[in-house]
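[1] pasting a predicted model and its sequence here:
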Amino acid sequence: MNTVLKTLGISLVAIGGLAISNVTVAADGGALYTSKLCATCHGADAKTPIQPIYPKLAGQNAEYLIAQTKDIKDKKRTNGQTGTMVPFTMSLTDDDIKAISEWIAAQPTQ
């Protein structure tokens with residue numbers, strides 16, 4: 001019986017180790033902002049766009065950014081320069097959009 005418990009204990013530790021290794025780590029919004037090329041137009045700090053017609057994003061409300069990005073991706077928003085963003089948004093998952101938006105919202109505006 002003792003051997004069975006030891007074996008069971010080892011199995012549980014092994015299973016626990018697998019569970020830990022399969023935990024999804026939250027995406028780094030700043031790294032996604034850069035790798036998904038957001039910085040190309042909106043600036044590395046999200047507040048120095050390359051053209052005056054592109055919005056400064058730093059400090060914007062995260063929920064607003066999420067909604068607007070999803071609307072651009074789904075082609076529900078078509079005003080202004082949003083057509084330029086459509087190709088960039090197509091590869092974004094909802095988790096990517098959330099992580100990027102939260103990162104942008106946390107950036108200082110000054």
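    Alright, I've got the coordinates.
[2] quick one, helices of this structure?
    Counting by DSSP state H, the chain has helices at residues 2-21, 29-35, 38-42, 62-73, 82-89, 94-105.
[3] comparing those, which gets the lowest mean pLDDT score?
    When the helices of the chain are ranked by mean pLDDT, helix 2-21 comes last with a mean of 42.
[4] extract the CA atoms of stretch 50-57 and return them as CSV.
    What follows is the C-alpha trace of stretch 50-57 in CSV, where atoms were taken according to Å, rounded to 0.1, in the frame of the first residue of the first chain:
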residue,chain,number,x,y,z
ILE,A,50,4.8,59.7,-37.4
GLN,A,51,2.1,61.9,-38.9
PRO,A,52,-0.1,64.5,-37.2
ILE,A,53,-3.2,62.8,-38.6
TYR,A,54,-2.4,59.6,-36.6
PRO,A,55,-3.8,59.6,-33.1
LYS,A,56,-1.7,59.8,-29.9
LEU,A,57,-2.8,56.6,-28.1
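[5] now that stretch: buried residues?
    54, 56-57 (16 or more other Cβ atoms under 10 Å). The way it works is simple: take the backbone N, C-alpha and C, and place the C-beta from them, glycine included.
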